[in-house]
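Undergrad: Pasting a predicted model and its sequence here:
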Amino acid sequence: MTAPTRKKRTTPKKVEPVYASIGEVTRFVRNRRGMTQEELGRILGMSRTSVVNLEAGNQRFPLHRITDLAWALGIPPRRLLQELLW
């Protein structure tokens, strides 16, 4: 007889406001442009799953890639951070 397995308790990750904001703007603009997550990922050299995590605020997106992301979305980089600037 084997011992019963216990489920691990996982605490939900705390989403940092900066990543949540970048993710919200990314999702909004991507949808407005009619772009899929897969298309955005291909432009950025990321997987679709990474784009999903980016939009959810779970992907720590390097600051030096903000301009790449903004270019791919066709927006100025400051727009990705606009919620944080106020």
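TA: Good, I have the coordinates. Note that the structure is a prediction, hence the values are computed from the model and not measured.

Undergrad: so where's this protein shaky on pLDDT?
TA: For the chain, the stretches with pLDDT under 70 are 1-4, 6-12, 83-86.

Undergrad: Would you map the helices across it?
TA: For the chain, the helices defined by DSSP state H occupy 17-32, 37-44, 48-56, 66-73, 77-80, 82-85.

Undergrad: residues making contact with the fourth one?
TA: The contact list for helix 66-73 (CB atoms under 8 Å, 6 or more residues apart in numbering) reads 22, 26, 29-30, 33, 35, 40, 43-44, 61, 76-77, 79-81. From N, CA and C alone the C-beta is placed, and that goes for glycine too.

Undergrad: quick revisit: okay, the helices of the chain in a markdown table with distance to T5 and mean neighbour count next?
TA: Listed next are those as a markdown table, based on distance: least, CB to CB, whole Å; neighbours: other CB atoms under 10 Å:
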| stretch | distance to T5 | mean neighbour count |
| --- | --- | --- |
| helix 17-32 | 33 | 17 |
| helix 37-44 | 34 | 17 |
| helix 48-56 | 27 | 18 |
| helix 66-73 | 41 | 18 |
| helix 77-80 | 43 | 15 |
| helix 82-85 | 42 | 11 |
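
Undergrad: what residue lies at the spatial centre of this protein?
TA: What sits nearest the mean C-alpha location of the chain, by CA atoms, centre = their mean, is L54, with 1.2 Å.
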